[in-house]
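Participant: structure for this input, please:
(2 chains)
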Number of protein chains: 2
Amino acid sequence: MSRLYAIILAGGSGTRLWPLSRQRSPKHLLNVAGYGDTTLLQDTIGRLRPRVPPERMIFLASQEFLSEVRRQAFEFLGRDADLCTFIGEPVGRNTAPAILLGAMVIAHRDPDGLVLAVPSDHVINDSGAFLEAVDRSLDAAGDGYIVTYGLVPTRPETGYGYILSGDRRGEVLAVERFEEKPDRERAEAFLREGRHYWNSGIFLFSAATIIEEASQFLPDLVGHLRRLSLESLDNLAEIYGDIDPVSIDYGIMERTHRAAVLPVKMEWSDVGSWDSLYEIAEKDGRGNVVRGEVIHIDSDGSFLMTGQRLMTAIGVKDVIAVDTDDAVLVCARGRSQEVREVIDRLEERGRSEHIEHRTVRKPWGSYTVLEPGDGYHVKRITVDPGQKLSLQAHRHRSEHWVVVAGTALATVGDRQVTLSANESVFIPVGEKHRLENPGRTLLELIEVQYGDVISEEDIVRFEDMYGRIGKKED
Amino acid sequence: MSRLYAIILAGGSGTRLWPLSRQRSPKHLLNVAGYGDTTLLQDTIGRLRPRVPPERMIFLASQEFLSEVRRQAFEFLGRDADLCTFIGEPVGRNTAPAILLGAMVIAHRDPDGLVLAVPSDHVINDSGAFLEAVDRSLDAAGDGYIVTYGLVPTRPETGYGYILSGDRRGEVLAVERFEEKPDRERAEAFLREGRHYWNSGIFLFSAATIIEEASQFLPDLVGHLRRLSLESLDNLAEIYGDIDPVSIDYGIMERTHRAAVLPVKMEWSDVGSWDSLYEIAEKDGRGNVVRGEVIHIDSDGSFLMTGQRLMTAIGVKDVIAVDTDDAVLVCARGRSQEVREVIDRLEERGRSEHIEHRTVRKPWGSYTVLEPGDGYHVKRITVDPGQKLSLQAHRHRSEHWVVVAGTALATVGDRQVTLSANESVFIPVGEKHRLENPGRTLLELIEVQYGDVISEEDIVRFEDMYGRIGKKED
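Facilitator: Just a heads-up that it's a prediction; the model follows:
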């Protein structure tokens, strides 16, 4: 039996779940579903794990979020995450290049490997049904089909693409045609006819099959990828820049004769909007979905979600309310697609809330702006065990560090000092300094920055373990 | 002509404007109306000032809020506030004791004084109409009437008490009867009949008249107040404890034959709920009231208000959304009275959001909890020029102070250090310390508290300029 690998597509970005998702906090890296503490990416790992061991998981993430993807994998899998493969895409080139890149890495290791390609930003409420579908389609993939999973529609949804199925081919059905997102009338016809399925964007194929098909339909892409050193991937940046963006649907699925669809009944959502998340979420007796510390009185059909802060609601009907540390959304249900306009207005006004959260993830940990004061900033900084920030200096600000948990190794000029909780150190303007967590527990400190100009861009880096020398940010 | 004094009733507390008002942030001390930066109390001072100079303004506030009332008066009037009289009620005893106390203080200074008694938590959009009404009723008050202002109703409001007017007496009308808050049907009948007015709770009388009437109807109250040393008020606490609470309406107005009403047309609200504030607020073409940084798309009939954070709204209709630093309310318009139930639930759950804001006013300035961390708290502290905190110690926590604006004089054990911006000091557990602002500008500092137990109650006071020795809080 061929072995099963997974390509986990973790490259998305966007603000369709404003204010929870931000340009620098895409939804797959967030706890969107609100079950437990896991992110959509971690939910995806958990769903695959019964069939795909960590050493056969290949993560394709945009370079910007690679360290966060890795961090979340470690948080979820522990040391097993060391066995996974993490590939950072230097630039986004849509799904076909990412999937082919992953398939080539897999084929290089295991020419007979089967590959499950899954987005990491979907919600699937029933893992059992998903795994059963995978099991049922392994033979078809082994026989050279490119299997896609088609959700049995439960409503005339206009937000998804559809697959029109044809004749039976063993466990799967041939694909007659892919249909774009329909209007309401067509969606209702699709539902009546019973031969259309929602296109999940999840695929199963053998590495050899997808490379063959790509060689036929996307020869340029395959040509570029053939130049890759598949062991080290050290020329990836150079090659990726030459590749044209194209989706796997358009580039291969709509052209190949090997496409097949397996109808699946399970609660699935691509979480393209708050409304679509509402559809799939479990509701109380009056149709409310509630997440976080919410006190609500006499609500109906509403989606009430909050993070750290308290939300209170009275008599709301068909309302989506989502609260985060620095922004809140109140939206009529059915209109959450229009967050796009909100984002446009934020851009027009030169605001930054749509770009990132108050808490910003970094390769070494995170920082949270507690107070963007006038002439000073207060931040909470966390540094993961073993990590260190760059050796750096600031031209316009001094810094006061007060450790509140864990142990810090601080370099200030020529000195090195070890600080425990309740100890502090001062970094004068212009002084070279470095912050490191030499311990085994999380380092947490409060930083008071003081200066005429306070900006993330006021940084000169001298050494950096994350390759960021010369960069102003990240 | 007799001189006009004002008794400004600043004793209210409450949470009817949750989450903006809190038990320790009553609405008269807040910028509720959202015009400019002034609080309702300051709006009240501004409205009176053309007729009542500061030396004839008597503020009656609950002791708890007296320093904040004084601070707001200084902020608004500048040094002129030194001329005002500020009286702190040791306990709340409703309006009759407060008004009689004020009237006695005034009568002691000026036996012929006329007195305007005004709540400080109302919104009046038209100061000119208000002052004109005062001018028109001065003669009646001089003639011994207790004049109340009756708003000409513009809708069948069920949230206000009504006054049924009788025969004309010069500029004013006799009062036939006071009516409790009516049901809808009665309110409509009142509106049709045209002889009923909303009871504003604002009164004009001579000090002598109100004392005479109180002597007749509330002899016990007057008996107690006669024991007061009117110069120093130093026995106020002792006397006030013996007084029974009673409202001016029930205690005097509903019994006296000297009651009169002056009908007034002006936009007025007692701001008893968000709905009543919505009624009086200026609206855009689609009936929206918007305050603060709000981006809204296609909203109708909604009240959207935010403080520091960003609010976004899409397609909302007849919704009240109010955001503050630590809590948000989303409420169907017409149902804002039900915030009471929200407060009850908060109490049941042992939460504290309904008690105070993240920023807490103190006699010496304020503090804001920036981060209530695990094992530490981060606060921003402001100290007004010339003010100082108590000489104190904490049993369970150390403190790190970093000055970010102004100058601090810090006492730590036997040492005194002067700190400028960008300088810091450490206060070990158990060490006696004191913080003072010796400068002429606001002192602002960041405090990191570290310890096993972090509580406002962990304080031992040795000296205090605000008389709080032995008290755990405030």
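Participant: how about the strands in the stretch 101-250 of chain A?
Facilitator: Secondary structure of the stretch 101-250 of chain A (DSSP state E, counting those that start in this stretch): strands at A:114-119, A:123-124, A:146-151, A:162-169, A:172-179, A:196-206.
Participant: direction included, what does the second one pair up with?
Facilitator: Based on DSSP bridges, the pairing partners of strand A:123-124 within the sheet are strand A:268-269 (antiparallel).
Participant: which residues does A:Gly365 bridge with?
Facilitator: Per DSSP bridges, the residues bridged to A:Gly365 are A:Lys362, A:Val383.
Participant: residue contacts, it?
Facilitator: Going by CB atoms under 8 Å, 6 or more residues apart in numbering or on different chains, A:Gly365 touches A:381-384, A:387, A:437, A:442-443. For glycine as for every other residue, the C-beta is placed from the backbone atoms N, C-alpha and C.
Participant: those residues, buried ones only, as a ChimeraX selection?
Facilitator: Entered in ChimeraX, the line below selects the buried ones among the contacts of A:Gly365, by 16 or more other CB atoms under 10 Å in any protein chain shown:
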select /A:381,382,383,384,387,437,443
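Participant: now the contacts of A:Gly365 as JSON lines including pLDDT?
Facilitator: Below are those laid out as JSON lines (pLDDT from 0 to 100):
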{"residue": "A:Ile381", "pLDDT": "97"}
{"residue": "A:Thr382", "pLDDT": "96"}
{"residue": "A:Val383", "pLDDT": "96"}
{"residue": "A:Asp384", "pLDDT": "92"}
{"residue": "A:Gln387", "pLDDT": "93"}
{"residue": "A:Asn437", "pLDDT": "97"}
{"residue": "A:Leu442", "pLDDT": "95"}
{"residue": "A:Leu443", "pLDDT": "97"}
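Participant: between the contacts of A:Gly365, which sits nearest B:Leu262?
Facilitator: A:Ile381 (63.2 Å; CB to CB).
Participant: tell me the spacing between that closest one and chain B.
Facilitator: The span separating A:Ile381 from chain B equals 12 Å under the rule CB to the nearest CB, to the nearest Å.
Participant: the helix or strand harbouring that residue vs strand B:376-383, what angle?
Facilitator: Following DSSP states H and E, one finds A:Ile381 within strand A:376-383. Relative orientation of strand A:376-383 versus strand B:376-383 (axes from the mean of the first three to the mean of the last three CA atoms, to 10 degrees): 170 degrees.
Participant: helices or strands next to strand A:376-383 in the packing?
Facilitator: Where contact means 3 or more CB pairs under 8 Å, 6 or more residues apart in numbering or on different chains; DSSP states H and E, strand A:376-383 is packed against strand A:365-372, strand A:433-436, strand A:443-451, strand B:376-383.
Participant: please tabulate the ones you listed in JSON lines and include distance to B:Glu89 as additional columns.
Facilitator: Shown next, in JSON lines, are those (distance: least, CB to CB, whole Å):
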{"stretch": "strand A:365-372", "distance to B:Glu89": "36"}
{"stretch": "strand A:433-436", "distance to B:Glu89": "53"}
{"stretch": "strand A:443-451", "distance to B:Glu89": "41"}
{"stretch": "strand B:376-383", "distance to B:Glu89": "27"}
